[in-house]
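> Task: produce atomic coordinates for the following.
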Amino acid sequence: MRALFVLGLLATSVVLAATPVTTRRAGDLQIHPERSAPATVESLNDVELGAEIAARVDAIRVRVGDVVAKGDLLVDLDCRDYRSRLAAQQATLAQLDAQRRLAASQVQRAETLRGSRSASQEELDRRQAELDALVAQIGGQREAVTQAELNVSRCAVRAPFAAVVVARLADEGALAGVGAPLVRIVETDALELGAHLRPEEVAEVRSAAALWFDHLGERYPVAVRRVLPVLDPVTRTAQLRLTFEARPPPAGAAGRLVWRASAPHVPADLLVRRGDQLGVFLVSDGAARFHPVERAREGQPAPAALPPDARVVIQGRERVQDGDPVTAGE
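Prediction:
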């Protein structure tokens with residue numbers, strides 16, 4: 001009888017030793033967290049247009065802030081000297097062409113006289129050589145005319161693409177040398193997003209369920225175009241280039257690249273440390289079982305593939321160890 005009494009006391013003590021905890025389904029707890037990193041909208045073409053010829057600036061046709069289309073006139077350069085050179089080259093070409101026609105006529109006449117034995121073969125060869133030399137001269141002169149025409153076309157500096165004028169870099173009346181900057185323009189139709197991320201963040205972005213750029217509270221969906229295969233030697237980050245899937249924000253806009261994880265995560269406040277590992281406690285057969293979570297970090301949600309119906313300890317987890325008996329409630 002005494003032995004039965006002792007056994008009863010032991011059973012009662014085991015029941016009393018079970019720690020009360022509160023649990024919830026893993027499927028109801030897991031989240032898909034959002035993370036972010038600084039990012040900036042960059043134009044593919046941000047250029048200073050310079051003079052391709054040495055000339056005086058006649059007029060700057062645009063102001064800072066003007067939006068221009070491809071081909072719009074931006075700057076007029078004094079072109080009198082270059083037009084004069086073009087006219088001279090064209091006159092020389094016309095003169096050579098007249099000489100060529102005369103030489104061709106003389107070759108034809110020499111051929112006729114040679115047929116009647118009134119001219120020698122030597123005379124015919126000389127006339128043909130003169131014609132050939134003129135034809136070669138004309139070829140070179142045509143190239144000179146083309147170059148002169150090209151220089152005249154460079155007197156008008158035009159927009160190479162649709163852009164916005166962000167700076168005037170010269171003054172009207174100033175003498176511009178070859179390469180002297182005249183205006184700075186930024187292309188408005190070719191924009192990309194640039195961001196620098198740690199390697200583990202790059203992997204998260206590649207597998208993200210959603211990806212967008214947040215600028216002043218507005219979302220702009222983006223897609224990864226390229227991850228540069230090098231790391232910055234100072235920050236140890238990789239550069240990402242992303243394209244906008246719809247209307248982009250303005251060039252130079254600064255904001256955040258935001259991504260939503262595709263894998264389910266355990267909330268950071270449910271993680272506990274046991275030894276050198278972070279994890280969560282699950283209840284199985286009346287006992288608490290420590291489930292380590294790989295790649296978990298203090299204070300951050302961690303990816304964890306838990307069965308949706310697993311019971312996760314949400315209250316009382318700090319008081320239990322792996323294998324401790326528990327009484328679970330909701």
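> ok, longest strand in this protein?
Counting by DSSP state E, the longest strand found in the chain is strand 218-231.
> what's the average pLDDT for the next helix or strand along the chain from it?
Where DSSP states H and E defines the elements, the next helix or strand beyond strand 218-231 is strand 238-244. Per-region confidence: strand 238-244 scores 97 on mean pLDDT.
> Kindly report the same for stretch 187-200.
94.
> pretty sure Ala17 is touching Thr327, no?
No. Under the criterion of CB atoms under 8 Å, Ala17 makes no contact with Thr327, lying 10.4 Å away. No exception for glycine: its C-beta is placed from N, CA and C like everyone else's.
> neighbour count winner among those two?
Thr327 (12 against 9; other CB atoms under 10 Å).
> Please state the offset of the host helix or strand of that one from the chain centre?
Thr327 belongs to strand 326-329 when elements are defined using DSSP H and E. Relative to the centre of its chain, strand 326-329 is centred 54 Å away, using CA atoms, centre = their mean, to the nearest Å.
> which residues are in contact with that strand?
For strand 326-329, contacts defined as CB atoms under 8 Å, 6 or more residues apart in numbering pick out 18-23, 283, 286-288, 311, 313, 316, 320.
> longest helix anywhere in the protein?
Identified as the longest helix of the chain according to DSSP state H is helix 80-115.
> In the stretch 1-150 of the chain, where is pLDDT below threshold?
Confidence mapping of the stretch 1-150 of the chain against pLDDT under 70 gives the ranges 1-16, 116-119.
> so where do the helices sit in it?
2-17, 26-29, 80-115, 121-153 (DSSP state H, counting those that start in this stretch).
> Please apply the same query to the stretch 151-300 of the chain.
Along the stretch 151-300 of the chain, counting by DSSP H, counting those that start in this stretch, helices occupy 199-206.
> counting contacts, what elements does the longest helix of the chain pack onto?
Counting contacts by 3 or more CB pairs under 8 Å, 6 or more residues apart in numbering; DSSP states H and E, helix 80-115 is packed against helix 121-153.
> starting at the chain centroid, how far to the helix it packs on?
On CA atoms, centre = their mean, the centre of helix 121-153 falls 50 Å from that of its chain.
> relative to helix 80-115, how tilted is that helix?
160 degrees (axes from the mean of the first three to the mean of the last three CA atoms, to 10 degrees).
> Helix 121-153 - contacts with which helices or strands?
helix 80-115.
> Just the buried residues of the helix it packs on, please?
Within helix 80-115, the residues that qualify as buried are 82, 85-86, 89, 93, 96, 99-100, 103-104, 106-107, 110, 114, counting by 16 or more other CB atoms under 10 Å.
> can you redo those residues as JSON lines with distance to Ala170?
Listed next are the buried residues of helix 80-115 as JSON lines, based on distance: CB to CB, whole Å:
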{"residue": "Tyr82", "distance to Ala170": "18"}
{"residue": "Arg85", "distance to Ala170": "23"}
{"residue": "Leu86", "distance to Ala170": "24"}
{"residue": "Gln89", "distance to Ala170": "28"}
{"residue": "Leu93", "distance to Ala170": "34"}
{"residue": "Leu96", "distance to Ala170": "39"}
{"residue": "Gln99", "distance to Ala170": "44"}
{"residue": "Arg100", "distance to Ala170": "44"}
{"residue": "Ala103", "distance to Ala170": "49"}
{"residue": "Ala104", "distance to Ala170": "50"}
{"residue": "Gln106", "distance to Ala170": "54"}
{"residue": "Val107", "distance to Ala170": "54"}
{"residue": "Ala110", "distance to Ala170": "59"}
{"residue": "Arg114", "distance to Ala170": "64"}
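> that older thread, pull out the buried positions in the strand holding Thr327.
By 16+ other CB under 10 Å, the buried positions in strand 326-329 come out as Val326, Ala328.
> and it, which strands flank it?
strand 19-25 (parallel) (DSSP bridges).
> any idea how far the strand it pairs with is from the chain center?
With CA atoms, centre = their mean, you get 49 Å for strand 19-25.
> In it, which residues have enough neighbours to count as buried?
For strand 19-25, a neighbour-count test (16+ other CB under 10 Å) marks Thr19, Val21, Thr23 as buried.
> go on, stretch 53-66?
Ile53, Ala55, Arg56, Val57, Asp58, Ile60, Arg61, Val62, Asp66.
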